[in-house]
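[1] okay, sequence plus prediction incoming.
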Amino acid sequence: MKVLVVDDSAHNRRLLSELLESSPDVKVVGTAIDGNEGLRQVMALHPDVVTLDLEMPRLGGYSFLRLLKSTAPTPVIVISSYAHKTDVFKALELGAFDFIAKPAKLTTEVLEKLRKELQEKVHAARLVRPEMKPVKRPKVMTLEPSFVVGIGASTGGPPAVQRLLESLSPEPSMSLLVCQHMPKQFTRAFAERLDRLGPFSVREAQEGDLLAPGHVFIAPGGRQLVVYRQNGQYVLGTPPPTMQDKHAPSVDRLFMSLAEVFGSKTIGVVLTGMGSDGALGSKAIQRAGGEVWAESEETAVIYGMPQEAVATGAVSRVLPLGEIGPALVELARKRR
C-alpha cells in the first residue's frame, strides 16, 4: 500500500512515516511540505492514501482537498490537533475520508495508540471510492414521534452518518441517537457540523436532555448514551463508562437501552466500523421485538461491525448505505 505524507513539519513527516512503515504492507512513497508539492507528488506517485496536515504555507489543506477531488480523487486522512477540531469537519465536508487527532504529548503509550489508529484508518481508506455520488433526498417523510433509530458507527463513520442523515426528508418526526466512536474533544464539533448541513436539529447529548421528534443526539466521546423514562418523558443519560465497557461511547449500551425503553419501536442501524460493538445490542433489540439493519459490505469501509451484527442472526435487513435512509422513510409510512 502506497502512502503520501503531506505536512510542513519535518518532525511530523518523519514520525508519521516511521509509524506507517511499521506495518509490513505499507510503504511511504513520498512526503510533501505543502499542498502544491503534495499535488505534484500525487500525480507522479499515484498513492493509495494521503495523510494531510491542514495548516501549511502556500497551498493549505482545504485548497489541496478541493483540487485533489477535481484532478485525482484519492482517499485523504486528515491529521489535526485537538485545538482545531472544527476544521476537521470542514475537511470531511470537502471530501476527506477520516481524521486522526494529533496528541499533544508523545509518550510511549500514546505513540502506540497513534500507530494502531493510523494504520487502521490508512488500511480502511484504501477501500473507499472517492467518486461515490451523493444520495438523493426523498421528498416526503412522516414518522411517529416515538419511532426511534439508534445508529452505531466507527471507522469511516463520520461521512457515512452524514450521508444517512442527508438522505432523509426535511420534515422528520423521528428521533435519532448516534453512537460514533470518536475522541471526546471532537463529538461536539461533529454535532455542530451536522446541524448546519441538514433539516435535523443535531446536538451533542447532555445529561437530562429530552428526546424529541426531529432531533438527532450524538453520544459524547468518553461517555455512554442511554435513555430512560421519567414522568412520562424520555430523558437522555450520559453516564461514564464502567470497567466492563470496551468502548465509550458504546453502540451496545445505546442499543440495549433503546430496546429496554422502546421495545418494538426501535430500529438499530449498524454502519461501517472495526470490531464487534453493536452485536450484543442487536440481539437485545431483536428480543424486544425491534428491528436491526446493517450496512452492506459493498459500501461499508470496514465490514467488521456490520458483519458481527449479521453473524448474531438479529439483523433483518442488509442494505447499501444509500438505501438505508429511504428504507427508514418507507417503513415509517407503513407504520403510520
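    The structure has been received and is ready for your questions.

[2] ok, residue 24 - how many residues close by?
    6 (other C-beta atoms under 10 Å). Every C-beta, even on glycine, is put in place using the N, C-alpha and C of the backbone.

[3] distance between the helix or strand bottoming out on mean pLDDT in the chain and the chain's centre?
    Sorting the helices and strands of the chain by mean pLDDT, DSSP states H and E puts helix 85-93 at the bottom, at a mean of 80. Taking C-alpha atoms, centre = their mean, to the nearest Å, one finds helix 85-93 lying 13 Å from the centre of the chain it belongs to.

[4] which residues are contacting that helix?
    52, 54, 61-62, 65, 76, 78, 80, 98-99, 101, 158-159, 162, 185-186, 189-190, 192-193, 197 (C-beta atoms under 8 Å, 6 or more residues apart in numbering).

[5] past that helix, which element shows up next along the chain?
    Of the helices and strands lying after helix 85-93 in sequence (DSSP states H and E), the nearest is strand 98-102.

[6] the helices in this protein, which residues?
    For the chain, applying DSSP state H gives helices covering 10-20, 35-45, 61-71, 85-93, 108-125, 157-166, 187-195, 251-262, 279-287, 304-311, 321-335.

[7] grab the CA positions of the fourth one and hand them over as CSV.
    Meaning helix 85-93. Below are the C-alpha coordinates for helix 85-93, written out as CSV (Å, rounded to 0.1, in the frame of the first residue of the first chain):
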residue,chain,number,x,y,z
LYS,A,85,-11.4,20.3,15.9
THR,A,86,-13.9,22.4,13.9
ASP,A,87,-11.5,22.4,11.0
VAL,A,88,-11.7,18.6,10.8
PHE,A,89,-15.4,18.6,9.9
LYS,A,90,-14.9,21.2,7.2
ALA,A,91,-12.3,18.9,5.7
LEU,A,92,-14.7,16.0,5.9
GLU,A,93,-17.2,18.1,4.0
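
[8] contacts only, for residue 57.
    8, 33, 34 are the contacts of residue 57 under C-beta under 8 Å, 6+ apart.

[9] 7 Å - rerun?
    For residue 57, the contact set (C-beta atoms under 7 Å, 6 or more residues apart in numbering) comprises 8, 34.

[10] then residue 175?
    148, 211, 212, 213, 215.

[11] tabulate these (JSON lines), appending neighbour count, distance to residue 262 and pLDDT.
    Listed next are those as JSON lines, based on neighbours: other C-beta atoms under 10 Å; distance: C-beta to C-beta, whole Å; pLDDT from 0 to 100:
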{"residue": "148", "neighbour count": "23", "distance to residue 262": "5", "pLDDT": "93"}
{"residue": "211", "neighbour count": "21", "distance to residue 262": "10", "pLDDT": "87"}
{"residue": "212", "neighbour count": "12", "distance to residue 262": "14", "pLDDT": "79"}
{"residue": "213", "neighbour count": "14", "distance to residue 262": "13", "pLDDT": "79"}
{"residue": "215", "neighbour count": "18", "distance to residue 262": "15", "pLDDT": "86"}
